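Novice: give me coordinates for this.
(chains A, B, C and D)
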Number of protein chains: 2
Amino acid sequence: MTTAPGRGRTGGDQVTIADVARHAGVAASTVSYVLSGKRAISAVTRDRVLASVRALGYHPNAGARALASRKANVIALVLPLRTGMQVPVVMQFATAVVTTARRYDHDVLLVTSDEGPAGLRRIAAAAMVDGVLLMDVELEDSRVPLLRELALPSVLIGHPADATGLACVDLDFHRAGEVCVEHLAGLGHRRVALLGAPAAVYARGTGFAHRTRAGVLAAAARLGLDAVTLPCEEGRAAIRRDLASLLDRHPDIHGLVVQNESAVGPVLATLPALGRHVPADMSVVAVCPDQLAEQAGLTCVPVPAEEVGRQAVTLLMRRLRDEPVPEVTLLEPRLAVRDSTAGGSR
Amino acid sequence: MTTAPGRGRTGGDQVTIADVARHAGVAASTVSYVLSGKRAISAVTRDRVLASVRALGYHPNAGARALASRKANVIALVLPLRTGMQVPVVMQFATAVVTTARRYDHDVLLVTSDEGPAGLRRIAAAAMVDGVLLMDVELEDSRVPLLRELALPSVLIGHPADATGLACVDLDFHRAGEVCVEHLAGLGHRRVALLGAPAAVYARGTGFAHRTRAGVLAAAARLGLDAVTLPCEEGRAAIRRDLASLLDRHPDIHGLVVQNESAVGPVLATLPALGRHVPADMSVVAVCPDQLAEQAGLTCVPVPAEEVGRQAVTLLMRRLRDEPVPEVTLLEPRLAVRDSTAGGSR
DNA sequence: GACGGTCGTCGAAGCGCTTCGATATGCCGG
DNA sequence: CCGGCATATCGAAGCGCTTCGACGACCGTC
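Specialist: Okay, here's the model as predicted:
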């Protein structure tokens, strides 16, 4: 309607800020200021501009905006897309991240860990993103020094051995381990076992696995319980074997902590077959997504993936505004008691 | 070393094309042509430029590049982050997409379906992405007309009722249903059942669920088998109940097709408890990720998430180059026979 | 009633890149 | 030995946006 809107391209309707300015009878800079709120604009002008924006269906061009403002309004989510990870947790987490980021008017670029340091470097150098969220951080993580070097705003999920100068969010897995053991102890069990992540996960130095184990052992020591811990591979058969040999060697164990998403089902299925009924002969408490535990009526310490994701984004946004953020944010575990744990006789 | 590299900003090392040009003693446009290969450049110059690129660690600024070239080199992956989805499949799929996209020098922007049409519109208008990959497409999907309207290059995973003018990739679920039934029939079973997705998934008109069911029924009709199909909710208890009532009503069923990731484990755990041993009394074939089936020694038609992801990206890339792509690409299902199916007596 | 101070708006200068002529150089055939 | 044609390179003009300095208009003030 006004002056020559569409450029040549087929379907290339691209409405520019100049179009809006013309439509509203103001300068382009004024439109920009209305949209960013960085300078005072009279109510009259603002309303007129906003009306034009709506009328034309204007959306600022992301590239141009990024170039001029030196902000992409995009954050990177670096996911561990390797095997052996607790898949649903990652998924829930990603959802929360995207949703929360959108609330701050940011989008999320998905990056896989296997592109590794080079990927981070590329993303950073190309100024594609303003900051990064790193999942599945290991105790000694090769990406951590790089992050420091790049001075790229970041938030880690999980935490490395040395978190100096970084921001980390995580469930307090050490405390989670303790909580599980305390619960079992409170029910009168004196001998407990931790069925953990696959051995590879420990070998990789993944924080949550180590910290949970440490928590279990610490609480056991403090409360004077006997505790054995062992990794647990995936696969129904492997689990059955590991579990059988565990109970064979330690027949007097009546409390079991399971921290391995994919093992939860098989463990519950296998125990009765080994003559241990839950909870009569064996109390089971898991560290896993609540959804999973709820289905199985399992007492658990839920992994609050959603909450972690939200927190992580919030922290990153704060960091992008150059506000100070705590180095370590640990979420307090809570225990959801269900029917898989009960008082023991010894 | 050369002339004034770093701008003022702390850590703002941003190396620009001008820096490279200066370092190599050529014009900026020459550097651009070396990098894009869009004009012939002498070997001598090219080598000198590439050396400078490496020496300075140059990475083109994504925003500037997008602005000038009108290509973002980013594709959007629109994921169904709602509940009731087969999570690990989605994950595998996402991995394949990211990996493949990187191979074509593209990045992936993660978008959730719940931002819905508005999200697509925004992304498109802001020219953040060059194309989109849509997962979990429903038979009547509200985003489909929008895609047509926006003339946004896209590839759908799954397919809508009307695929005209679009590109879709998917496992041939209809055929998968048939393959399962044919396998069971080949083993001599005359009465089979399909334990499908949760009722909500059918209600939503999700293609894969409907098509599998149709395939099962078609093959059964063709081969003269009796077939019953029923949805299957999540949760161990619900599954046990559904399964028990099914076998109660149809005690002579000896072939079971399971298409519900989260039901596979519980079904296998429940059958023996109901007095049906696998495969002696009941042959079970699943449509699920192969990894899951392999663990359980289950005969299955694997959902080739990785392959689908790769194909989808490849098609999208072709589309971005304005090459013609087929409207529908169906991957042929293959059957992996394991220990959960065996010949029946009737 | 001239002066300083806001307030609201404008114009212009880039941000770093691609791309389109234009120009310079070298080579060929006539 | 020159016109003509490739071939290799350069320079300049944007892409659409933000942001800075400037400037008019209007206010209250002494």
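
Novice: now residue A:160: how far from residue A:333?
Specialist: 20 Å (C-beta to C-beta, to the nearest Å). Just so you know, the C-beta spots here come from the backbone N, C-alpha and C atoms, and that holds for glycine as well.

Novice: which parts of the stretch 51-200 of chain A sit against DNA strand D?
Specialist: A:58, A:60, A:61, A:64, A:65, A:67, A:68, A:69 (C-beta under 7 Å from any atom of the strand).

Novice: isn't the second one right up against residue A:31?
Specialist: No: no contact is recorded between residue A:60 and residue A:31 when judged using C-beta atoms under 8 Å, the distance being 9.5 Å.

Novice: compare the two (neighbour count), which wins?
Specialist: residue A:31 (28 against 23; other C-beta atoms under 10 Å in any protein chain shown).

Novice: what's the first helix or strand after the one helix or strand the more buried one maps to?
Specialist: In the assignment (DSSP states H and E), residue A:31 maps to helix A:28-36. With elements assigned by DSSP H and E, the helix or strand that comes after helix A:28-36 is helix A:43-56.

Novice: how far off centre is that next one?
Specialist: 39 Å (C-alpha atoms, centre = their mean, to the nearest Å).

Novice: how many neighbours does residue A:253 have?
Specialist: Residue A:253, neighbours per other C-beta under 10 Å, totals 21.

Novice: wait, I meant residue A:55
Specialist: Residue A:55: 13 neighbours (other C-beta under 10 Å).

Novice: same deal with residue A:145?
Specialist: If we define neighbours as other C-beta under 10 Å, then residue A:145 has 13 of them.

Novice: so what touches the helix or strand harbouring it?
Specialist: With elements taken from DSSP H and E, the one containing residue A:145 is helix A:143-150. Helix A:143-150 is touched from outside by A:78, A:116-117, A:120-121, A:124, A:132, A:134, A:137, A:154, A:156, A:160, A:162, A:165-166, B:11, with contacts defined as C-beta atoms under 8 Å, 6 or more residues apart in numbering or on different chains.

Novice: the helix or strand bottoming out on mean pLDDT in chain A: how far from the chain's middle?
Specialist: Least confident helix or strand, chain A: helix A:290-296 with a mean of 83, by mean pLDDT, DSSP states H and E. Relative to its chain's centre, helix A:290-296 lies at 19 Å (C-alpha atoms, centre = their mean).

Novice: for the residue in the stretch 151-300 of chain A that DNA strand D sits nearest to, give me its contacts.
Specialist: Closest contact between the stretch 151-300 of chain A and DNA strand D, by C-beta to the nearest atom of the strand, is at residue A:153 (16.8 Å). For residue A:153, the contacting residues are A:130, A:131, A:132, A:316, A:319, A:320, by C-beta under 8 Å, 6+ apart.

Novice: how about it, phi and psi?
Specialist: When read as degrees, to the nearest 10, the backbone of residue A:153 gives phi -60, psi 130.

Novice: residue ranges of the strands in the stretch 101-250 of chain A, please?
Specialist: Ranges of strands within the stretch 101-250 of chain A are A:107-112, A:131-134, A:154-157, A:168-171, A:191-195, A:226-230, based on DSSP state E, counting those that start in this stretch.

Novice: ok, residues contacting the fifth one?
Specialist: Contact with strand A:191-195 is made by A:177, A:181, A:184-185, A:212-213, A:216, A:220, A:225-230, A:232, A:242-243, A:246, A:250, A:252-260, A:263, A:267, A:346, as judged by C-beta under 8 Å, 6+ apart.

Novice: gap between the residue lying closest to residue A:215 once chain neighbours are set aside and residue A:242?
Specialist: Spatial nearest neighbour of residue A:215, excluding adjacent residues (C-beta to C-beta, 6 or more residues apart in numbering or on different chains): residue A:177 at 2.5 Å. When distance is defined by C-beta to C-beta, residue A:177 is 19 Å away from residue A:242.

Novice: in helices, which of the residues of the stretch 51-200 of chain A next to DNA strand D appear?
Specialist: A:64, A:65, A:67, A:68, A:69 (DSSP state H).
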